[in-house]
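Novice: Quick one, fold the following:
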Amino acid sequence: MKSTAAPCVNPPPQPGRWAQAGRNAAILAVMRVAIMTAGSRGDVAPYTGLGRRLALAGHEVTLVTHARFEPLVAGSGVRFQGLPVDPRAELESPRGRGLHRSASEAGKLLRLADMARRAVGQMTEDLLIAAQESEVLLLSASLAPLGHTIAEGLRLPSMGVFLQPLAGTREFAPPVLGGGSWGAAANRVAGHGVCLATEHIFMAAVPGVRSRLGLPAVRSGAALRARERRLWPVHHGFSPLVVPRPRDWRPGLTVSGYWWPYDMDSQLPGHVREFLDAGPPPVFVGLGSATVPDAGRLSARLVAALRRAGLRGVIQRGWAGLAAAGEDMLAIDEVPHALLFPRMAAVVHHAGAGTTAAGLRAGVPAVPVPVQFDAGFWSARLVALGVAPHVVPLRRLTVDALASALLRATREPAYRERAHRLGARIRDEDGAAPVLAALDRLGG
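Specialist: Below is the predicted model of the structure:
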């Protein structure tokens with residue numbers, strides 16, 4: 001069976017599209033900015049692009065994150081300071097593999113919280129050193145409680161730069177618990193509960209930092225309430241076209257638009273271009289930084305589903321270690337999604353925030369295969385936006401289920417048409433501009 005999917009006509013997004021805007025921005029004061037984040041590659045890559053925009057505007061920017069991600073900023077003009085924890089090693093440890101034994105999102109979250117609690121103490125000293133060399137801190141959600149304490153103690157201005165909508169709202173349940181809706185009141189309460197649980201992860205480290213920096217001791221949850229009362233600013237790096245700003249959010253919470261990873265490469269590797277040119281548009285399959293208990297078995301199912309649907313495949317090995325062989329399949333390592341996705345018939349992915357964004361930007365249909373945490377939330381958004389036929393959860397993935405979803409995504413024109421229109425609108429957004437404007441106000 002041959003694929004009838006039409007080639008994608010969207011040009012790949014240009015990495016330097018906003019460079020001139022950055023150079024022309026009116027800077028009130030050059031600031032030493034530290035962007036602090038922790039987690040997997042998807043928790044880091046968007047900040048390389050945000051950092052580059054700020055650097056192009058004249059600021060001195062340092063990305064502070066795990067040492068293994070230093071290559072992501074090469075050539076970007078962004079400095080780097082490494083943190084000691086290796087997230088891949090953590091996921092491949094016995095504790096990390098324990099995530100696969102949790103059947104519920106709540107169970108997975110408890111295991112992840114335990115892993116994070118152990119890692120925080122190893123990173124605290126390096127975060128303090130980076131902050132002492134900075135004038136403003138931009139903090140991801142994964143480090144916000146500790147980073148805000150450090151900023152308070154050093155009397156530095158700070159802002160949140162979050163990749164997920166974490167503040168409680170009546171409009172949806174917490175994304176890290178799969179999203180959906182449990183009813184307005186329950187959604188709001190659960191969202192606040194998740195924020196408190198995140199604060200608790202840092203309670204072993206925060207008291208020592210507060211004492212060291214001359215701050216008074218506080219009870220658990222008090223710091224979160226203080227940030228909310230003071231309307232601590234948080235910019236969210238996703239498009240309002242994908243997740244509109246909840247109407248019941250407090251002032252200071254801004255949905256800015258996506259921050260695109262910095263990619264130094266301007267074209268795909270030669271062997272990838274050759275494969276793409278040798279036949280009809282293939283389907284991308286990748287699970288990003290997610291790990292799986294049996295990569296060989298899953299790889300076989302993925303390839304069988306692609307072939308049953310009559311589609312070629314580009315399989316990204318990722319941290320799961322996926323594999324594929326044959327003339328109709330190409331196994332790849334890291335390749336910039338901004339260059340690859342526009343040439344796909346569809347993208348099958350784990351529905352992480354970053355990969356979801358890349359697929360939407362490229363304007364191609366999706367088949368979300370959520371693995372854990374906020375993946376269920378982003379999967380549901382893809383279906384609601386009409387760019388994905390339905391969700392195929394990893395735990396229930398079969399050859400028939402995935403092949404059926406692939407056939408709908410690549411054969412029914414409505415999915416490609418909606419994805420194409422939405423992608424064009426998203427590419428016109430400039431998610432870094434609100435963050436840059438906020439820095440300018442701090443400098444003034």
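
Novice: how about low-confidence regions in this protein?
Specialist: Counting by pLDDT under 70, the chain has low-confidence residues at 1-28, 90-117, 443-444.

Novice: domain ranges for it?
Specialist: 31-258+429-443, 270-427 (automatic domain parsing).

Novice: can you put the ones you listed in JSON lines and add distance to Met264 and mean neighbour count?
Specialist: No exception for glycine: its C-beta is placed from N, CA and C like everyone else's. Below are those laid out as JSON lines (distance: least, Cβ to Cβ, whole Å; neighbours: other Cβ atoms under 10 Å):
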{"stretch": "domain 31-258+429-443", "distance to Met264": "4", "mean neighbour count": "19"}
{"stretch": "domain 270-427", "distance to Met264": "9", "mean neighbour count": "21"}
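
Novice: what packs against the helix or strand hosting Ala403?
Specialist: Taking DSSP states H and E as the definition, Ala403 sits inside helix 399-411. When contacts are defined as 3 or more Cβ pairs under 8 Å, 6 or more residues apart in numbering; DSSP states H and E, helix 399-411 packs onto helix 295-308, strand 346-349, strand 366-368.

Novice: any idea of the angle the first one forms with helix 399-411?
Specialist: To tie it back to what came earlier, the one meant is helix 295-308. 50 degrees (axes from the mean of the first three to the mean of the last three Cα atoms, to 10 degrees).

Novice: follow-up on the earlier one: what sits up against the helix holding Ala403?
Specialist: For helix 399-411, contacts defined as Cβ atoms under 8 Å, 6 or more residues apart in numbering pick out 3-5, 283, 301-302, 304-306, 308-309, 311, 345-346, 348, 365-367, 369, 388-390, 392, 415.

Novice: after it comes which helix or strand?
Specialist: That would be, after helix 399-411 and using DSSP H and E, helix 413-427.

Novice: Send me that following helix as PDB with only the CA atoms.
Specialist: Extracted in PDB, the C-alpha atoms of helix 413-427 (Å, rounded to 0.1, in the frame of the first residue of the first chain):
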ATOM      1  CA  PRO A 413      -6.900  15.900   4.300                       C
ATOM      2  CA  ALA A 414      -8.500  17.700   7.100                       C
ATOM      3  CA  TYR A 415      -5.700  16.900   9.500                       C
ATOM      4  CA  ARG A 416      -3.000  18.300   7.200                       C
ATOM      5  CA  GLU A 417      -5.100  21.300   6.300                       C
ATOM      6  CA  ARG A 418      -5.700  22.300   9.900                       C
ATOM      7  CA  ALA A 419      -2.100  21.600  10.900                       C
ATOM      8  CA  HIS A 420      -0.900  23.700   7.900                       C
ATOM      9  CA  ARG A 421      -3.100  26.700   8.900                       C
ATOM     10  CA  LEU A 422      -2.200  26.500  12.600                       C
ATOM     11  CA  GLY A 423       1.500  26.100  11.900                       C
ATOM     12  CA  ALA A 424       1.500  29.300   9.800                       C
ATOM     13  CA  ARG A 425       0.000  31.300  12.600                       C
ATOM     14  CA  ILE A 426       2.400  29.900  15.200                       C
ATOM     15  CA  ARG A 427       5.400  30.700  13.000                       C
END
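
Novice: after that helix comes which helix or strand?
Specialist: Using DSSP H and E, the helix or strand that follows helix 413-427 towards the C-terminus is helix 432-443.

Novice: helices and strands around that next one, which ones?
Specialist: helix 45-56, strand 136-139, strand 158-162, strand 234-236.

Novice: Name the residues that touch the second one?
Specialist: I take that to be strand 136-139. Outside strand 136-139, the residues touching it (Cβ under 8 Å, 6+ apart) are 31-37, 47, 50, 131, 147-148, 150-151, 156-161, 435, 439, 442.

Novice: at 7 Å what do you get?
Specialist: Residues outside strand 136-139 that contact it (Cβ atoms under 7 Å, 6 or more residues apart in numbering) are 31, 33-36, 131, 147-148, 151, 156-161, 439, 442.

Novice: can I have the helix or strand that that strand is followed by written out in CSV, keeping just the CAs?
Specialist: The first helix or strand that comes after strand 136-139 along the chain, using DSSP H and E, is helix 144-154. What follows is helix 144-154, C-alpha atoms only, in CSV (Å, rounded to 0.1, in the frame of the first residue of the first chain):
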residue,chain,number,x,y,z
ALA,A,144,11.7,28.0,40.7
PRO,A,145,11.3,27.4,44.4
LEU,A,146,15.0,27.2,45.1
GLY,A,147,15.9,29.8,42.5
HIS,A,148,13.5,32.3,43.9
THR,A,149,14.9,31.8,47.4
ILE,A,150,18.4,32.4,46.0
ALA,A,151,17.3,35.6,44.2
GLU,A,152,15.5,36.9,47.3
GLY,A,153,18.6,36.3,49.4
LEU,A,154,20.9,38.0,46.9
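
Novice: Can you show me the strands along the stretch 151-300 of the chain?
Specialist: Assigned by DSSP state E, counting those that start in this stretch, the strands in the stretch 151-300 of the chain fall at 158-162, 234-236, 253-255, 283-286.

Novice: Please convert these to CSV, extending it with distance to Leu127.
Specialist: What follows is these, written out as CSV (distance: least, Cβ to Cβ, whole Å):
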stretch, distance to Leu127
strand 158-162, 12
strand 234-236, 19
strand 253-255, 24
strand 283-286, 31
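
Novice: quick one, which of these is nearest to Ala226?
Specialist: strand 158-162 (12.8 Å; Cβ to Cβ).

Novice: strands paired with the closest one, and their directions?
Specialist: strand 136-139 (parallel), strand 234-236 (parallel) (DSSP bridges).

Novice: strands paired with the lengthiest strand in the chain, and their directions?
Specialist: Longest strand in the chain, counting residues (DSSP state E): strand 60-66. The pairing partners recorded for strand 60-66 under DSSP bridges are strand 32-36 (parallel), strand 79-83 (parallel).

Novice: Reformat those as JSON lines; add distance to Gly183.
Specialist: Formatted as JSON lines, the strands paired with strand 60-66 follow (distance: least, Cβ to Cβ, whole Å):
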{"stretch": "strand 32-36", "distance to Gly183": "35"}
{"stretch": "strand 79-83", "distance to Gly183": "39"}
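
Novice: Quick check: which of these is nearest to Val206?
Specialist: Of the strands paired with strand 60-66, nearest to Val206 by Cβ to Cβ is strand 32-36, at 14.9 Å.

Novice: what angle do that closest one and helix 432-443 make?
Specialist: Angle of strand 32-36 versus helix 432-443, following the same axes, to 10 degrees, is 130 degrees.

Novice: Send over strand 32-36 as CSV, restricted to the C-alpha atoms.
Specialist: This file holds the C-alpha atoms of strand 32-36, laid out as CSV (Å, rounded to 0.1, in the frame of the first residue of the first chain):
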residue,chain,number,x,y,z
ARG,A,32,23.9,39.7,33.2
VAL,A,33,21.1,37.1,32.9
ALA,A,34,21.2,33.5,34.2
ILE,A,35,18.6,31.1,32.8
MET,A,36,18.3,28.2,35.2
